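[1] Got a sequence here, can you build the structure:
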Amino acid sequence: MPGPIGLVAGLGMLPVRVAEGALASGREVFVIRLKGFEEPALQDYPGDTVGLGEFGKLIKTLNGAGCRDIVFAGNVSRPDFSALKLDFRGARLLPKVLSAARQGDDALLQTILKELEAEGFTIRGADEIAGHLLAPSGLLAGPEPDEAARRDIERAAHVAREIGRLDVGQGCIVCDGLVLAVEAQEGTDRMLARCAELDLTLRGTPESPRGVLVKIPKPIQDRKIDLPTLGVATVEGVQRAGLAGIAFEAGGALIVDRIAVESTANEAGIFLFGLEPGK
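    Presented below is the predicted three-dimensional model:
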């Protein structure tokens, strides 16, 4: 009988849905609540709180709970490394972490994952535990993208892949062929908020939408962690920015609370479109 899933959780509903998916499949869940990023909806699950610099405590806690499979899910901001409270293992790992952090988020996460794998843990993707979250292909909601939107999708997908190769971000907004924003450390919601402040000559409005948001996994990333995630807030941000729709890679994005996301998109007249990988 396999032990519980070790869910290393940040904020948001994604780790909640992963926990529910694990229980539905018959697996127990042990939640590692990252200090400063504890999701209230996970408070009733068995688990413990671990600081971002407490790598030794993380390993000891997971082993003590009998966890061999680990899932990372939820929003965690980059810490101030100079202010981290480190245990002995955390202090030993810090030089590697600092070196990787200068290269980008994927390099940083890879360093942490390799250390955990060296301890005998297996890293599982959120989609392995909660497969219903994985985005399908084709039109999910809203109107079919017109020719202008399809051209914008193609352009935004290309740009998103290029910034992904540089470990910058996963998203891009394009309107009438013009790149309005690319995602970096601020995340999708703030990128959309920036777009909503642009002059109306550059973008659409909720009443007359133009342009698209495209979210694509970084070509360099391990897809077991940090897949693009879409939720109701994403759709609402797209509407405020006056965009016509959202495109994402089928099998390369997670949709949290899909029924609510699709309903919100349909009400707003915003399309949700799953691209075939590589398109």
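[2] Phe271 touches Arg150, doesn't it?
    No - counting by C-beta atoms under 8 Å, Arg150 is not a contact partner of Phe271; they are 10.5 Å apart. No exception for glycine: its C-beta is placed from N, CA and C like everyone else's.
[3] And the two? Which one has more around it.
    Phe271 (25 against 14; other C-beta atoms under 10 Å).
[4] so how far is Leu213 from that one?
    According to C-beta to C-beta, to the nearest Å, Phe271 and Leu213 sit 11 Å apart.
[5] Also Glu38?
    Distance from Glu38 to Leu213, by C-beta to C-beta: 29 Å.
[6] Those two - which one has more neighbours?
    Leu213 (32 against 17).
[7] OK, contacts around that one?
    156, 171-173, 188, 192, 234, 238, 241, 243, 245-247 (C-beta atoms under 8 Å, 6 or more residues apart in numbering).
[8] can you redo the residues you listed as TSV with neighbour count, pLDDT and secondary structure?
    Formatted as TSV, these follow (neighbours: other C-beta atoms under 10 Å; pLDDT from 0 to 100; DSSP: H, G, I helix; E, B strand; the rest coil):
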residue	neighbour count	pLDDT	secondary structure
Ala156	27	97	helix
Gly171	25	95	strand
Cys172	27	97	strand
Ile173	28	98	strand
Thr188	24	93	helix
Leu192	25	96	helix
Thr234	26	96	helix
Val238	30	97	helix
Ala241	26	97	coil
Leu243	30	98	coil
Gly245	28	98	strand
Ile246	28	98	strand
Ala247	26	98	strand
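[9] which SSE is Val179 in?
    strand 178-182 (DSSP states H and E).
[10] before we move on, what about Phe30?
    For Phe30, the element it lies in under DSSP H and E is strand 29-34.
[11] Just checking: what are the partner strands of the following helix or strand past that strand?
    Note on strand 29-34: by DSSP H and E, the next helix or strand toward the C-terminus is strand 47-50. Strand 47-50 pairs in its sheet with strand 29-34 (parallel), by DSSP bridges.
[12] May I have the strand it pairs with exported as CSV, CA atoms only?
    Below are the C-alpha coordinates for strand 29-34, written out as CSV (Å, rounded to 0.1, in the frame of the first residue of the first chain):
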residue,chain,number,x,y,z
VAL,A,29,-2.5,13.3,1.6
PHE,A,30,0.0,14.9,3.9
VAL,A,31,0.3,18.7,3.3
ILE,A,32,3.6,20.6,3.7
ARG,A,33,2.3,24.1,4.3
LEU,A,34,5.0,26.6,3.2
